[in-house]
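In: Predicted model and sequence follow; I will ask about them next.
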Amino acid sequence: MHNHRNNPRSHRGPQQNNNRPQRGQFRPTRGQPKQLDVRLFINKSEPLILDEEPKITTTFSDFAISDKLKRNISEHGYVTPTPIQDQTIPHLLEGRDVIGIANTGTGKTAAFLIPLVEKVSKDRSQRVLIITPTRELAMQILDELVIFMKGMDLDQILCIGGANLQRQEKKLHHNPHFVIGTPGRLKDLIKRRSLNLDLFQNIVLDEVDRMIDIGFIRDIQMIISLLPKKRQSLFFSATITDKERVILDTFVTDPVSVSVKKRETAANIDQDIVRIPRGVQKIDVLHDLLVQDGFSKVLVFGRTKWGVEKLTKALIERGFRAAAIHGNKGQSQRQRALDDFKKDRLQILLATDVASRGIDIENVTHVINFEAPASYEDYVHRIGRTGRADRPGKALTFVE
């Protein structure tokens, strides 16, 4: 357990080093949600034992897909499928409906994109609708899709809030092969009669549990009610509760279920709490962590848009390279912050829970919960931004 009082850096203060960011005044936001048991935030990482993973005997070249798609996959650096890819792709290539249950960061995006790109490249009349909870995740899916369909003369569109609605309507008029969108924007386009769901024979619901968490269940049910009866339906979620089953009952037909979820949080994420002594400012504790060796790519979560923005400005004033993404940021601002974080132009990215899904950035060294999440599910999704692709990661949660 981290304790600021026992941290020698907290006594000498980083301001003694002129190359370090300097301390300043900051008052954190008040009002905390009902606190979770802090023991949930403590879990020492375990050594990765590869023998416990499902045995993968196939490569992407073994799948019944075109040579061009195989080349695109190979150029992307993929050789051996992840368990979710290995177990899902063959069923999807056969046209089956699939329910995929997997932790975040397991490669499920490629698991559904690869067979769908193959299907559309063989039959140009096919249309695919991919529905996802956040703009960030939609953009991540688009980035991967563009790689897989390189040189295939297929088109796509991103339908998300914060982007020009009329431009999206104009492109939808040309019936692109792939439409990736968030429920709110898709609902707007449907109401404006710019999006005709009868055209889509392939539907993906991704991160369904998160879509339900943030209040999209009725929008999803409305969209499902407008879909053609004859379709291939793909459902991906980290959990299946009664709320998800309400959607499942009307969405899939004779599905194949694939589950590679073994535990709530990745074994390779070292989780601990940081106790804040009475009278000590949280930002000072955060400051002293961020100047330590190893905190090179840090994702900091706050609870409110206003609080995250305020904390970001305070860190920048102290000399840190930091930026924020939250609901009040324009889409171009959010994308720029993500790109800068990916390319190591920023040390710290601060976010609300809107970003706890969809950020797929390599080598995030730490996730810091500056403010505790509202639920354990939110905690799992937050810390899943580190320790990806079997790399070690660390998660720290501030406790007052």
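Out: Ah, there it is.
In: buried stuff in stretch 93-113?
Out: Residues 93, 96-113 are the ones in stretch 93-113 that count as buried (16 or more other CB atoms under 10 Å). Yep, even glycine has a C-beta here, placed from its N, CA and C like the rest.
In: Would you mind measuring the gap between the ends of it?
Out: 11 Å (CA to CA, to the nearest Å).
In: ok now it, how far from the chain's centre?
Out: Remark: stretch 93-113 is offset 15 Å from the chain centroid, using CA atoms, centre = their mean, to the nearest Å.
In: Do a quick rundown of the helices in the stretch 251-400 of the chain.
Out: 282-290, 305-317, 331-342, 376-383 (DSSP state H, counting those that start in this stretch).
In: just to revisit the earlier point, inside helices: which ones of the buried residues of stretch 93-113?
Out: Among the buried residues of stretch 93-113, the residues falling in helices (DSSP state H) are Leu93, Lys108, Thr109, Ala110, Ala111, Phe112, Leu113.
In: For Leu205, see how far away the second one is.
Out: Look at Lys108 and Leu205: by CB to CB, to the nearest Å, they are 12 Å apart.
In: Give me the common contacts of these two.
Out: Contact criterion CB atoms under 8 Å, 6 or more residues apart in numbering; residues shared by Lys108 and Leu205: Phe236.
In: What is the neighbour count of Pro90?
Out: Pro90: 16 surrounding residues under other CB atoms under 10 Å.
In: is it true that it touches Ile65?
Out: No - if you go by CB atoms under 8 Å, Pro90 and Ile65 don't touch, sitting 10.6 Å apart.
In: okay, and for the protein, where does confidence drop off?
Out: The model of the chain has pLDDT under 70 over residues 1-20, 22-40, 44-54, 104, 261-267, 355-359, 388-390.
In: That one - how does it break down into domains?
Out: What automatic domain parsing lists as the domains of the chain is 2-47+267-399, 51-259.
In: Distance check, Val280 against Leu69.
Out: 55 Å.
In: Looking at those two, which one has more neighbours?
Out: Neighbours were counted for Val280 and for Leu69 using other CB under 10 Å; Leu69 has more, 21 against 14.
In: what helix or strand does the more buried one sit in?
Out: Assigned by DSSP states H and E, Leu69 falls within helix 67-75.
In: Tell me the helices and strands packed up against that helix.
Out: Applying 3 or more CB pairs under 8 Å, 6 or more residues apart in numbering; DSSP states H and E, one finds that helix 67-75 makes contact with helix 108-122, helix 135-148.
In: can you confirm Met222 is in a helix?
Out: Yes - when DSSP: H, G, I helix; E, B strand; the rest coil is applied, Met222 is found to be in a helix.
In: need the contact list for the closest residue in space to it that isn't next to it in sequence.
Out: Closest residue in space to Met222, ignoring its immediate chain neighbours: Lys187 at 6.9 Å, by CB to CB, 6 or more residues apart in numbering. By CB under 8 Å, 6+ apart, Lys187 lies in contact with Asp219, Met222, Ile223.
In: neighbours of the first one, just the number please.
Out: Think Asp219. Residues within reach of Asp219, counting by other CB under 10 Å, total 17.
In: Counting neighbours, what do you get for the residue nearest to it when sequence neighbours are not counted?
Out: Nearest residue to Asp219, sequence neighbours excluded (CB to CB, 6+ apart): Pro183, at 4.0 Å. Neighbour count of Pro183, defined by other CB under 10 Å: 21.
In: Reduced to three states, what does Val204 come out as?
Out: Applying three-state DSSP: Val204 is strand.
In: show me what contacts it?
Out: Per CB under 8 Å, 6+ apart, neighbours of Val204: Phe112, Leu116, Val128, Leu129, Ile130, Ile131, Leu234, Phe236.
In: my guess is the third one meets Pro176, correct?
Out: Read it as Val128. No - judged on CB under 8 Å, Val128 makes no contact with Pro176 at a distance of 9.3 Å.
In: more crowded one of those two?
Out: Val128 (25 against 17).
In: so who does the more buried one touch?
Out: Val128 touches Leu116, Val120, His177, Phe178, Val179, Phe200, Asn202, Ile203, Val204, counting by CB under 8 Å, 6+ apart.
In: Let's see that with 10 Å instead.
Out: By CB atoms under 10 Å, 6 or more residues apart in numbering, the contact set of Val128 is 112-113, 116-117, 119-120, 145, 154, 156, 176-180, 200-204, 232, 234.
In: neighbours of the closest residue to it other than its chain neighbours, just the number please.
Out: With CB to CB, 6+ apart as the criterion, Val128 has its nearest non-adjacent residue at 4.4 Å, and that residue is Asn202. Asn202: 22 surrounding residues under other CB under 10 Å.
In: and the gap between Asn202 and Ile131?
Out: Taken as CB to CB, the span from Asn202 to Ile131 is 12 Å.
In: The host helix or strand of Arg210 packs against which elements?
Out: Per DSSP H and E: Arg210 is located in helix 208-213. Counting contacts by 3 or more CB pairs under 10 Å, 6 or more residues apart in numbering; DSSP states H and E, helix 208-213 is packed against helix 217-225, strand 232-237, helix 242-251, helix 376-383.
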